[in-house]
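Undergrad: After the sequence you'll find the predicted model.
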Amino acid sequence: MTQPLILPVGRYTGEFHPEAGAPVAYYSLGIGRLVVTMEDPQAFAVWAAAHPPTDATARPWTRTAVVESATAVGVTDPERIVEGFLEDGLLVEVSPDDPDLEGFARAHRVLPLMVSLGNSPDDPLNYGIGLFGMEPVIRVPTLVHDVWQWSSVGDSLWEVCEVFAEAGARVDFVDEREHDPRHVLREFLGALPMLLATNAACLDEARGL
């Protein structure tokens with residue numbers, strides 16, 4: 001049985017040093033309206049390892065991959081930490097074929113952390129994402145780009161997929177599959193690990209939870 005993808009939840013907001021030159025006291029994440037702090041550097045290493053390397057597009061980033069990556073940087077018991085993070089919502093496992101994929105999308109939303117750099121005449125169907133004045137950190141298909149660009153407007157990822165599908169149904173030249181929010185969600189999910197890996201976006205809890 002194929003393992004589900006594993007995704008980190010939260011926006012990294014930095015490390016805290018109590019005074020200049022002092023060791024790190026904790027690492028902090030923002031999730032919804034909350035600030036989550038991690039004093040254990042091994043725990044933070046596991047959360048960081050849930051972001052796949054940007055050259056790992058050929059390998060699905062699963063629990064096994066996270067454990068191996070965390071072990072490689074010296075984490076002694078990554079499986080225990082992964083289990084705890086899954087229970088606490090700092091990590092989430094999801095599969096494109098999961099019958100409850102809609103439930104995942106209703107419980108989370110995606111926040112863009114960079115800006116759209118547009119397409120080009122040489123590659124009109126893919127859009128760059130990054131920072132102004134720099135090369136794109138990632139290029140994604142139009143559907144993925146549009147969901148990413150508007151993802152923070154909705155209360156949840158599912159709401160954005162529904163609106164995208166409804167809007168597409170009014171446009172004759174759009175692929176008919178894009179009229180189905182479940183298809184839109186599956187297509188977006190395929191690109192989500194790399195959006196997180198490049199810090200083009202972060203995964204947050206749905207608004208109102």
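TA: Now that the structure is in, tell me what you want to look at.
Undergrad: by contact count, what packs against the least confident helix or strand in the chain by mean pLDDT?
TA: Taking mean pLDDT, DSSP states H and E as the measure, the helix or strand of the chain with the lowest value is helix 157-168, at a mean of 90. Applying 3 or more Cβ pairs under 8 Å, 6 or more residues apart in numbering; DSSP states H and E, we find helix 157-168 packed against helix 101-107, strand 108-112, helix 142-150, helix 181-197. No exception for glycine: its C-beta is placed from N, CA and C like everyone else's.
Undergrad: Could you list the buried residues of that helix?
TA: 157-165, 168 (16 or more other Cβ atoms under 10 Å).
Undergrad: for the helices and strands packed on helix 157-168, which one sits closest to residue 204?
TA: Evaluated over the helices and strands packed on helix 157-168, closeness to residue 204 peaks at strand 108-112, with 5.3 Å, by Cβ to Cβ.
Undergrad: could you give the mean pLDDT of that closest one?
TA: The average pLDDT for strand 108-112 rounds to 97.
Undergrad: And the contacts of that strand?
TA: For strand 108-112, the surrounding residues in contact (Cβ atoms under 8 Å, 6 or more residues apart in numbering) are 9, 11, 92, 129, 147-149, 151-152, 154-157, 160, 192, 195, 200-207.
Undergrad: wait, what's in contact with residue 125?
TA: Residues near residue 125 by Cβ under 8 Å, 6+ apart: 119, 141-142.
Undergrad: ok, of those residues, which come out buried?
TA: In the contacts of residue 125, nothing passes as buried (16+ other Cβ under 10 Å).
Undergrad: quick one: low-confidence ranges for this structure?
TA: Within the chain, the segments meeting pLDDT under 70 span 1, 56-58, 168-174, 209.
Undergrad: What is the nearest of the contacts of residue 125 to residue 62?
TA: Among the contacts of residue 125, and counting by Cβ to Cβ, the member closest to residue 62 is residue 141, at 23.1 Å.
Undergrad: My guess is residue 143 contacts residue 187. True?
TA: Yes: the pair residue 143 and residue 187 passes the contact test of Cβ atoms under 8 Å, sitting 5.4 Å apart.
Undergrad: Let me know whether residue 208 touches residue 107 as I believe.
TA: No: contact status for residue 208 versus residue 107: not in contact, 10.7 Å apart, counting by Cβ under 8 Å.
Undergrad: so how far does stretch 143-157 reach from one end to the other?
TA: 14 Å (Cα to Cα, to the nearest Å).
Undergrad: now swap in stretch 175-186 and tell me
TA: Start-to-end, stretch 175-186 (Cα to Cα) is 15 Å.
Undergrad: do stretch 116-130 as well
TA: End-to-end distance of stretch 116-130: 7 Å, with Cα to Cα as the criterion.
Undergrad: What residues sit buried inside it?
TA: Here stretch 116-130 shows 116-117, 126-130 as buried, counting by 16+ other Cβ under 10 Å.
Undergrad: do stretch 32-46 as well
TA: Under the neighbour-count criterion of 16+ other Cβ under 10 Å, stretch 32-46 has 32, 36, 38, 41, 43-46 buried.
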